[in-house]
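Undergrad: just coords:
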Ligand SMILES: Nc1ncnc2c1ncn2[C@@H]1O[C@H](COP(=O)(O)OP(=O)(O)OP(=O)(O)O)[C@@H](O)[C@H]1O
């Protein structure tokens, strides 16, 4: 692994240092040809492994990856295997089907209508599984019971059992194989389609491929689920025009944000057109994100998609109020309305950080918003002051979409587990990692030289910083002014920096999910070349197995896709076998409290914090003495205290400014 190539986001590589690893193979290396993680190899045979038949080079296990016909949709009969030339429903064979599927998968504006079998194959090749969790028929029968308090209480007590008993129905909707189909086939707004195109999106990612048709045509999804649940009887789909609830589980960086934003914006535009009014009708959608950074990112994505459509996407900040309804807006005086319009207009991305917006926020002003993006606490505070904000919606059928394996790391990055023995060892390992050993002419050293920006290239971001400081660091990192960002789990989820080439887990993550999300900051939208390094010490050993297992699973997935890891196996089998298996209790404790030894206070006593330094104790002592002598001499000159006490006149280091690493 050449970490130099990973970090040099804005550095020209010398020929020798760039040999063997083309820039385009890194996550920061420009446009990505295909954002899909699975089933996107368009080469003749690799496109659909199911269609390769006996001539395929990869071996197929008995009973695996075979096509099976529609008479066994729900697993109630064993899958019926058939050879490559076997005739399928509708009289087509695998080979006859292949070109049609390819036509559908390859970027293609026209949208051929695919049979259920064809849909099933496309969805399967992309590892997409869609299930109706609540049976629409059953749900409808249960609806009156919901009014009954006793039954409701009982249902609440046994939700898991009830859910288990319910028959899960697998659905095969028409997959979205190109963004151009959004307009042609689903009739989304012209402006929205243009905005999607302007973002450069052409090939939908797996989660978009499966979820957009469901969310844009919920009536069809409902009808399909109903039809499946009733066997061959006709489902009444005309009356079911309300939407579906969709739970989507997909890999990190797989484009979930626009997968839900496109249907939201389209639905608001459609409603606006149907109602025929341009006045604010109060927020039509609320998006809740765990951190301010993520909320701000989602709001920005939304604004790009809704640009010039008239849909307002507002990032909700402390003290901000939203115009709850069009009737309330109409009741206001003209002056008040003008003021709201004026302030709402400056909520777009460019003005978000402007002084005007800042002032407006301070005054607790009213804003018009069609979509509110907020963090949970801000929403809670807003709800306390406004009862009208949430309208109860009718319950809709619940569908679940899963892409790939749940809780697995993206297969397109390489993982490395590095044993560093101690806390000091971790710092040494990090330093070694950032010091390129392969090239000597690099400007990107651990202590970045002043000519290259020095310590200003490194920043820290955590929840104790002010909002302004957090915004500033985020902007600098996005612009590429900051090269190394040291952060907490605050940025572990959802935050999208397109060009991150590597993630270093300086401390072992507290759970498998935390690992998946942290390392998912690289390798976004299917980009190759990202690296995730996890440093661990002796104290971490009892907790490393869960991480090693996630890595092994990701590598297996990569191998299955026919690619070997960039640097070979990140976890050797012997390591996996020798790491201790943590008990359930240990796993829970780790999740709640982290690695005990690293906590500042253990059992009420202040733990001795390990001094993290790459210098020896002797060197530090000499330096401290020298520094103390300098402080005393300066104090004498300005008549301050000379007893070696800290010089109070020294400028305090502001909490929100990173001043480089101390020795
Ligand atoms: N169809 C597409 N083609 C190319 N790039 C895409 C596509 N869809 C999304 N992207 C890009 O992929 C990146 C990741 O998208 P997004 O942040 O929505 O992922 P996510 O699934 O929400 O990730 P996470 O699980 O980490 O929250 C973004 O930079 C986005 O612009």
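TA: Thanks, I have it. Because the structure is a prediction, the values reported are computed rather than measured.
Undergrad: which bits of this structure sit near the ligand?
TA: Counting by Cβ under 6 Å from any ligand atom, the residues of the chain lying close to the ligand are 35, 201, 203-205, 208, 250, 252-258, 494, 496, 498, 520, 524-525. C-beta: built from backbone N, CA, C; applies to glycine.
Undergrad: could I have the buried ones of these as ChimeraX selection syntax?
TA: Here is the ChimeraX command that selects the buried residues among the residues of the chain next to the ligand (16 or more other Cβ atoms under 10 Å):
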select :35,201,203,204,205,208,250,252,253,254,255,256,257,258,494,496,520,524,525
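Undergrad: so which of the residues of the chain next to the ligand are in strands?
TA: Residues of those located in strands (DSSP state E): none.
Undergrad: which of the residues of the chain next to the ligand fall in helices?
TA: Using DSSP state H, the subset of the residues of the chain next to the ligand located in helices is 208, 256, 257, 258.
Undergrad: among the residues you listed, which pair sits farthest apart?
TA: Pairwise distances across these (Cβ to Cβ) peak at 10.0 Å, for the pair 208 and 257.
Undergrad: which residues of the stretch 251-400 of the chain fall in helices?
TA: Counting by DSSP state H, counting those that start in this stretch, the stretch 251-400 of the chain has these helices, from start to end: 256-275, 292-306, 326-331, 334-345, 355-362, 376-385.
Undergrad: pull out the buried positions in the first one.
TA: By neighbour count, and taking 16+ other Cβ under 10 Å as the criterion, the buried residues in helix 256-275 are 256-269, 272.
Undergrad: widest-spaced pair of these?
TA: Pairwise distances across the buried residues of helix 256-275 (Cβ to Cβ) peak at 25.0 Å, for the pair 256 and 272.
Undergrad: which secondary structure state is assigned to the residue in the stretch 551-663 of the chain that the ligand sits nearest to?
TA: Residue of the stretch 551-663 of the chain nearest the ligand, by Cβ to the nearest ligand atom: residue 554 (14.7 Å). Following DSSP: H, G, I helix; E, B strand; the rest coil, the label given to residue 554 is helix.
Undergrad: so where's the stretch 551-663 of the chain shaky on pLDDT?
TA: Scanning the stretch 551-663 of the chain for pLDDT under 70 picks out 560-570, 597-617, 639-663.
Undergrad: one more pass at 80, please.
TA: Counting by pLDDT under 80, the stretch 551-663 of the chain has low-confidence residues at 558-570, 592-620, 637-663.
Undergrad: longest single helix anywhere in this structure?
TA: In the chain, with assignment by DSSP H, the single longest helix is helix 617-638.
Undergrad: show me what counts as buried in it.
TA: Neighbour-count burial for helix 617-638, with 16+ other Cβ under 10 Å as criterion, is recorded at 631, 632, 635.
Undergrad: swap in stretch 187-194?
TA: Burial within stretch 187-194, assessed by neighbour count using 16+ other Cβ under 10 Å, is assigned to 188, 189, 191, 192, 193.
Undergrad: now the two most distant members of the residues you listed.
TA: It's 188 and 191 that sit farthest apart of the buried residues of stretch 187-194, by Cβ to Cβ, at 9.3 Å.
Undergrad: hmm, residue 526 and residue 412 touching each other?
TA: Yes - between residue 412 and residue 526 there is a contact under Cβ atoms under 8 Å: 6.0 Å.
Undergrad: how about the helices in the stretch 501-650 of the chain?
TA: Going by DSSP H, counting those that start in this stretch, the stretch 501-650 of the chain shows helices at 512-519, 541-560, 573-578, 584-593, 617-638.
Undergrad: how far off helix 512-519 does the fourth one point, in degrees?
TA: What separates the directions of helix 584-593 and helix 512-519 is an angle of 40 degrees, with axes from the mean of the first three to the mean of the last three Cα atoms, to 10 degrees.
Undergrad: helices or strands up against helix 584-593?
TA: On a contact count with 3 or more Cβ pairs under 8 Å, 6 or more residues apart in numbering; DSSP states H and E, helix 584-593 meets helix 541-560.
Undergrad: just the angle between the helix it packs on and helix 584-593, please?
TA: 90 degrees.
Undergrad: what's next to helix 541-560, contact-wise?
TA: For helix 541-560, contacts defined as Cβ atoms under 8 Å, 6 or more residues apart in numbering pick out 404-405, 407-413, 415, 417, 508-509, 511-512, 515-516, 534, 536, 564-565, 569-571, 575-576, 579-582, 586-587, 590, 595.
Undergrad: check the residues you listed for burial and list the buried ones.
TA: With burial judged by 16+ other Cβ under 10 Å, the buried subset of these is 404, 408-413, 415, 417, 508-509, 511-512, 515-516, 534, 536, 565, 569-571, 575-576, 579, 582, 587, 590, 595.
Undergrad: the residue nearest to residue 291 when sequence neighbours are not counted: neighbour count?
TA: Once flanking residues are discounted, residue 291 sits nearest to residue 490: 5.9 Å by Cβ to Cβ, 6 or more residues apart in numbering. Around residue 490 there are 18 other residues, counting by other Cβ atoms under 10 Å.
Undergrad: same question for residue 297.
TA: 21.
Undergrad: got the contact list for it?
TA: Counted by Cβ under 8 Å, 6+ apart, residue 297 has contacts 257, 494, 495, 496.
Undergrad: now residue 216
TA: Applying Cβ under 8 Å, 6+ apart to residue 216 gives the contacts 182, 186, 188, 262, 263, 266.
Undergrad: stretch 415-435: which residues count as buried?
TA: Within stretch 415-435, the residues scored as buried using 16+ other Cβ under 10 Å are 415-420, 423-427, 429-430, 433-434.
Undergrad: point out the least confident one among the residues you listed.
TA: Minimum pLDDT for these is recorded at residue 434 (74).
Undergrad: state the distance from that residue to the ligand.
TA: 24 Å (Cβ to the nearest ligand atom, to the nearest Å).
Undergrad: out of the contacts of residue 216, which one has the lowest pLDDT?
TA: residue 186 (90).
Undergrad: so that one, which of the three states?
TA: coil.
Undergrad: wait, it touches residue 215, no?
TA: No - checked against Cβ under 8 Å, the pair residue 186 and residue 215 is beyond contact range at 9.5 Å.
Undergrad: so if I had to pick from the two, which one is more boxed in?
TA: Comparing residue 186 with residue 215 by other Cβ under 10 Å, the one with more neighbours is residue 215, at 24 against 19.
Undergrad: could I get the average pLDDT for stretch 194-212?
TA: Stretch 194-212 comes out at a mean pLDDT of 94.
Undergrad: start the count at 41, not 1, going forward
TA: Right, with 41 as the first residue, what we last looked at is stretch 234-252.
Undergrad: and residue 287, that one's in a strand?
TA: Yes - under three-state DSSP, residue 287 falls within a strand.
Undergrad: who are the contact partners of it?
TA: 173, 438, 439, 440, 441.
Undergrad: looking at the stretch 141-290 of the chain, which residue is nearest the ligand?
TA: Going by Cβ to the nearest ligand atom, the ligand is nearest to residue 241 of the stretch 141-290 of the chain, at 4.2 Å.
Undergrad: may I ask you to confirm that that residue is in contact with residue 298?
TA: Yes - between residue 241 and residue 298 there is a contact at 7.2 Å, judged by Cβ under 8 Å.
Undergrad: and the furthest pair within the contacts of residue 337?
TA: Maximum pairwise distance in the contacts of residue 337, criterion Cβ to Cβ, is 10.9 Å, between 297 and 535.
Undergrad: residue of the stretch 341-490 of the chain closest to the ligand, please.
TA: Taking Cβ to the nearest ligand atom as the measure, the stretch 341-490 of the chain has residue 341 as its residue closest to the ligand, at 7.1 Å.
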